[in-house]
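>>> fold the following for me, if possible:
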Amino acid sequence: MTEHDPIIWRRDLPRALDVHTETVRRYMRNGKFPPPDVDLSVNKRGWRLSTLRNAGINIPAPDPISA
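Sure, this is the predicted structure:
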């Protein structure tokens, strides 16, 4: 991996996708998200940006200053 591939945390998905938190939960229940790349606990799950994009989920890259 040559370029930065940030982790997008579950808590950040609603803002990144511009949807409600419950919508993200429903997407996860219905299998619209791939398995998380980082699964520390129910509340601490994350996906690499490349994993989400490969699954067809279009999330803009986070600002490198705030990431």
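>>> going forward, measure contacts between C-alpha atoms and count neighbours the same way
Noted.
>>> okay, buried residues for stretch 16-28 please.
Val24 (16 or more other Cα atoms under 10 Å).
>>> contacting residues around Met28?
By Cα atoms under 8 Å, 6 or more residues apart in numbering, the contact list for Met28 is empty.
>>> I'd like the next helix or strand past the helix or strand harbouring it.
Per DSSP states H and E, Met28 falls inside helix 21-29. Per DSSP H and E, the first helix or strand lying C-terminal to helix 21-29 is strand 38-41.
>>> and for that following strand, what are the contacting residues?
The contact list for strand 38-41 (Cα under 8 Å, 6+ apart) reads 44-47.
>>> just the buried residues from those residues, in ChimeraX please.
If you want just the buried ones from the contacts of strand 38-41 in ChimeraX, going by 16+ other Cα under 10 Å, the selection is:
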select :45,46,47
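>>> any chance of the contacts of strand 38-41 in a markdown table with pLDDT, distance to Ile57 and secondary structure as columns?
Listed next are the contacts of strand 38-41 as a markdown table, based on pLDDT from 0 to 100; distance: Cα to Cα, whole Å; DSSP: H, G, I helix; E, B strand; the rest coil:
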| residue | pLDDT | distance to Ile57 | secondary structure |
| --- | --- | --- | --- |
| Lys44 | 92 | 19 | strand |
| Arg45 | 93 | 16 | strand |
| Gly46 | 95 | 14 | strand |
| Trp47 | 95 | 11 | strand |
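>>> export the contacts of strand 38-41 to TSV and tack on distance to Asn54?
Formatted as TSV, the contacts of strand 38-41 follow (distance: Cα to Cα, whole Å):
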residue	distance to Asn54
Lys44	21
Arg45	18
Gly46	15
Trp47	11
